[in-house]
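> Quick check, what structure comes out for this input:
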Amino acid sequence: MRIVSERRLGEVLAALPSIPRVVASGNFGTPWRAMAVLDAAVAEYRLFMLNAQPGVPDRDGVTLETPFVGPGMRGRKRLNYFPSRLSLVPVLLGSALPPDVALVHTSAPAGGTVSLGNEVNILPAAIEAVRSRGGLVVAQLNPRMPYTYGDAVLEVGEIDYAIKADVPLPSPSPRPPLDVSAAIGDRVAALVRDGATLQLGIGAVPDAVLAALRKRQGLKVWSEMFSDGVLALDKAGALDPEQPVVASFAFGSTELYDWMHRNPDIRMLRTETTNDPAQIARRTHMVSVNSALQVDLFAEANASRVRGQIYSGFGGQTDFVVGAMHSPDGAAVIALPSWHPKADVSTVVARLHGPVTSFQHSFIVSDHGTATIWGHDTSAQAGQIVSQVAHPRARDGLREAGRALGFRI
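Take a look at the predicted model:
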């Protein structure tokens, strides 16, 4: 690893072959300083990130690529969306979309290693793909990045060039708790018993579920990501002290990052491991909790598109729904508010308005109730979705539409 100035790094990047593909840390681990050097030095390139946050370059010459759209790429005219389960994104990088550069955000060096900290995810696979092609691995070294263990640890010899940047890690904007989310959280928590293994996605509803689980005992975490809600479970003594928290990326408060730093009870693993449905299925009583934009009377969920336009993507939802359904006594839960306040429409529809993200769940939960999906015929499923999940304002219309579709409701 050669630690260089930003000027020198710009010279190195300027010599890249025509229109390189750059894979950069996403979520809240983006190396913004190194990315600025890249953008100033390279006229045309392809930028591949997961859940990119605001601040991503938006100009002619920069083509954005992702299988999971974040707010930094959402709605961009130069966006290329590649549908993929999160567990298969490393395969994508090793075949159809080979990268030329990996741009990562790491801890400061220690003992000949650095750590990818709060963002492991697809980066080990990206680094391997880059090195197999003779490309460049570039790191932004930051003493404020927590040193985490597992697949996060990287030998400094795997890095070609690095710059130093002592900068705070960003945190998501705090969301005020809503009564609707709290009601959903309580209903989902009722499906989780002591000793369960948890996976929760991103958003107000998963946060509310974690808040409602603080009195449980022996909980385990095997998830693609976690945030401050898991730290709160640890403080409450709800986690199994014999089992490490396993995830692939994390974001939250400064307190969360401090808790993660050199914590042997946290293992940050690569996506191919955390999101492998076979690995997920080996967890006993695996409870997967994910949100959706819409559900329909066929018990299908749309978590990807709004009015036909890509909003996010599959993410890990498909991986964990399948894995949890095969887990001993496991359950796959879709949780969502029954009504969309801004659009003033029901989130339960007769048929999805966009493509299906996932299907065949165990339960669908809203602020109005819980529908038990698994083990019921299609009409019974549809009837429960109408009477237990849908907002009362939408129920009569949904029953009429359901009967037109052939459901006996």
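
> Can you classify Arg187 by secondary structure?
Following DSSP: H, G, I helix; E, B strand; the rest coil, Arg187 is assigned to helix.

> you'd agree it is up against Val365?
Yes. Counting by CB atoms under 8 Å, Val365 is a contact partner of Arg187 at 5.0 Å. (Glycine included, C-beta is placed from N, CA and C.)

> and for the two, which residues touch both?
Ala335 (CB atoms under 8 Å, 6 or more residues apart in numbering).

> what about those two, which has more around it?
For Arg187 versus Val365, the count of surrounding residues by other CB atoms under 10 Å is larger for Val365: 27 against 22.

> Which strand residues bridge that one?
With beta bridges defined as DSSP bridges, Val365 has these partners: Ala335, Thr370.

> Would you mind measuring from it to Pro337?
The gap separating Val365 from Pro337 is 10 Å, by CB to CB, to the nearest Å.

> Could you report the neighbour count for the nearest residue to His391 once chain neighbours are set aside?
Closest residue in space to His391, ignoring its immediate chain neighbours: Ser338 at 4.0 Å, by CB to CB, 6 or more residues apart in numbering. Applying other CB under 10 Å, we find 24 residues neighbouring Ser338.

> ok, Ser338 - contacts?
Per CB under 8 Å, 6+ apart, neighbours of Ser338: Ser346, Thr347, Val348, Ser366, Asp367, His368, Val389, Ala390, His391, Ala394.

> Next, format the residues you listed as CSV and append pLDDT.
Shown next, in CSV, are those (pLDDT from 0 to 100):
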residue, pLDDT
Ser346, 97
Thr347, 97
Val348, 98
Ser366, 97
Asp367, 96
His368, 97
Val389, 98
Ala390, 98
His391, 98
Ala394, 98
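
> and the helix or strand Asn290 falls within, how far out from the chain's middle?
Assigned by DSSP states H and E, Asn290 belongs to strand 286-291. Distance of strand 286-291 from the chain centroid (CA atoms, centre = their mean, to the nearest Å) equals 12 Å.

> who's in contact with it?
188, 191-192, 196-203, 205-206, 209, 222, 280, 301, 303, 317, 320-321, 323-324, 327, 330-336, 358.

> Strands of the stretch 201-350 of the chain, start to end?
Per DSSP state E, counting those that start in this stretch, the stretch 201-350 of the chain has strands spanning 220-221, 225-226, 245-247, 249-250, 266-268, 286-291, 294-296, 301-302, 305-306, 309-310, 331-335, 339-340, 345-346, 348-349. These are given in chain order.

> Now which of the contacts of Ser338 would you call buried?
Among those, those scoring as buried are Ser346, Thr347, Val348, Ser366, Asp367, His368, Val389, Ala390, His391, Ala394 (criterion: 16 or more other CB atoms under 10 Å).

> Excluding sequence neighbours, find me the nearest residue to the first one.
Read that as Ser346. If the residues on either side of it in the chain are set aside, Ser346 comes closest to Ala394, at 3.7 Å by CB to CB, 6+ apart.

> May I have the longest helix anywhere in the chain as CSV, with CA atoms only?
For the chain, the helix with the greatest residue count under DSSP state H is helix 392-404. Extracted C-alpha coordinates of helix 392-404, given in CSV (Å, rounded to 0.1, in the frame of the first residue of the first chain):
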residue,chain,number,x,y,z
PRO,A,392,-61.0,0.0,6.9
ARG,A,393,-61.5,2.7,4.3
ALA,A,394,-60.2,0.2,1.6
ARG,A,395,-61.9,-3.0,2.7
ASP,A,396,-65.2,-2.8,0.8
GLY,A,397,-63.5,-2.0,-2.5
LEU,A,398,-60.9,-4.7,-2.0
ARG,A,399,-63.6,-7.3,-1.3
GLU,A,400,-65.4,-6.4,-4.5
ALA,A,401,-62.1,-6.4,-6.5
GLY,A,402,-61.1,-9.7,-4.9
ARG,A,403,-64.4,-11.4,-5.9
ALA,A,404,-63.9,-10.2,-9.5
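
> Which pLDDT value goes with His207?
One correction, residue 207 is Asp, not His. pLDDT recorded at Asp207 is 87.

> contacting residues around it?
Contacts of Asp207 (CB under 8 Å, 6+ apart): Arg175, Ser181, Gly185, Ser227, Asp228, Gly229.

> Repeat that for Val101.
Neighbouring residues of Val101 by CB under 8 Å, 6+ apart: Leu13, Leu16, Pro20, Arg21, Val22, Val23, Leu38, Val130, Gly135, Leu136, Val137, Val138.

> Local confidence estimate at the fourth one?
Meaning Arg21. pLDDT recorded at Arg21 is 98.

> The first one now?
pLDDT, the model's per-residue confidence, is 98 for Leu13.

> ok, which stretches of the stretch 51-200 of the chain are strands?
62-66, 79-81, 101-106, 113-115, 136-141, 149-150, 153-155, 161-164, 197-200.

> Include mean pLDDT and distance to Gln217 when you put those strands into a markdown table, please.
Shown next, in a markdown table, are the strands of the stretch 51-200 of the chain (pLDDT from 0 to 100; distance: least, CB to CB, whole Å):
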| stretch | mean pLDDT | distance to Gln217 |
| --- | --- | --- |
| strand 62-66 | 98 | 39 |
| strand 79-81 | 97 | 42 |
| strand 101-106 | 98 | 36 |
| strand 113-115 | 98 | 31 |
| strand 136-141 | 98 | 40 |
| strand 149-150 | 98 | 25 |
| strand 153-155 | 98 | 31 |
| strand 161-164 | 98 | 44 |
| strand 197-200 | 96 | 13 |
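
> is it possible to export the ones you listed to a markdown table including distance to Met286?
A markdown table is the format used below for the strands of the stretch 51-200 of the chain (distance: least, CB to CB, whole Å):
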| stretch | distance to Met286 |
| --- | --- |
| strand 62-66 | 27 |
| strand 79-81 | 29 |
| strand 101-106 | 30 |
| strand 113-115 | 27 |
| strand 136-141 | 34 |
| strand 149-150 | 19 |
| strand 153-155 | 26 |
| strand 161-164 | 38 |
| strand 197-200 | 5 |
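
> just the buried members of the contacts of Asp207?
For the contacts of Asp207, buried by 16+ other CB under 10 Å: Ser181, Gly185, Ser227, Asp228, Gly229.

> now, which of those lie within helices?
Using DSSP H, the buried ones among the contacts of Asp207 in helices are Ser181, Gly185, Asp228, Gly229.
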